[in-house]
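In: fold the following for me, if possible:
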Amino acid sequence: MSQIEQPSSVKGKPMILHEGYIYTVERTTKAKSIVRCKNRDCKARCHTKLYMDALLLLLASHCHAPQPDSIPAIQLKNEIKAHAAITDESTSTIIHSTLRTYPLSDAGQHPKNEPLMLMIQRQRTTETVDADGRLPDKL
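Out: The predicted structure follows:
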């Protein structure tokens with residue numbers, strides 16, 4: 001058994017980082033979780049404990065090289081989504097303030113600004129009028 005890291009995906013689902021490979025949950029039983037490689041062309045799967053803190057069994061080998069560089073990009077997207085949900089700052093301000101902490105060594109994996117802006121806009125809820133046609137009190 002070996003130790004693994006557990007970042008979460010952009011959608012908030014659990015992921016596993018082990019030896020540079022990223023796994024996502026495929027299914028869960030009462031005793032274990034079965035995870036598969038994030039690269040859908042790869043057949044690699046493994047079994048983990050239910051709490052996903054250690055690998056139990058690696059079923060197949062990977063058909064590609066490890067990709068540990070994509071983890072900072074996933075963490076960046078998670079931070080932007082969390083920041084957008086709690087603040088009313090402009091979209092560009094959120095992106096620029098979050099990018100200040102992004103490591104320069106991972107700049108090659110940096111997502112483009114347009115998808116990040118759309119992600120922020122989707123994260124925010126729009127205010128709607130009530131049945132009488134009035135705006136909410138907070139506005």
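In: which strands border the least confident helix or strand in the chain by mean pLDDT, and is each parallel or antiparallel?
Out: Every helix and strand of the chain was ranked by mean pLDDT, DSSP states H and E. The lowest is strand 55-58, at a mean of 73. Strand 55-58 has the following strand partners under DSSP bridges: strand 45-49 (antiparallel).
In: contacts for the partner strand next, please.
Out: 4, 16, 18, 23, 26, 32-37, 54-60 (C-beta atoms under 8 Å, 6 or more residues apart in numbering). Heads up, the C-betas are built off the backbone N, CA and C, glycines and all.
In: secondary structure of P111: a strand, I assume?
Out: No: P111 is assigned coil when assessed by DSSP: H, G, I helix; E, B strand; the rest coil, not a strand.
In: I'd say it and P72 touch.
Out: No: P111 is beyond contact range of P72, at 10.5 Å (criterion: C-beta atoms under 8 Å).
In: looking at those two, which is more packed in?
Out: P72 (18 against 15; other C-beta atoms under 10 Å).
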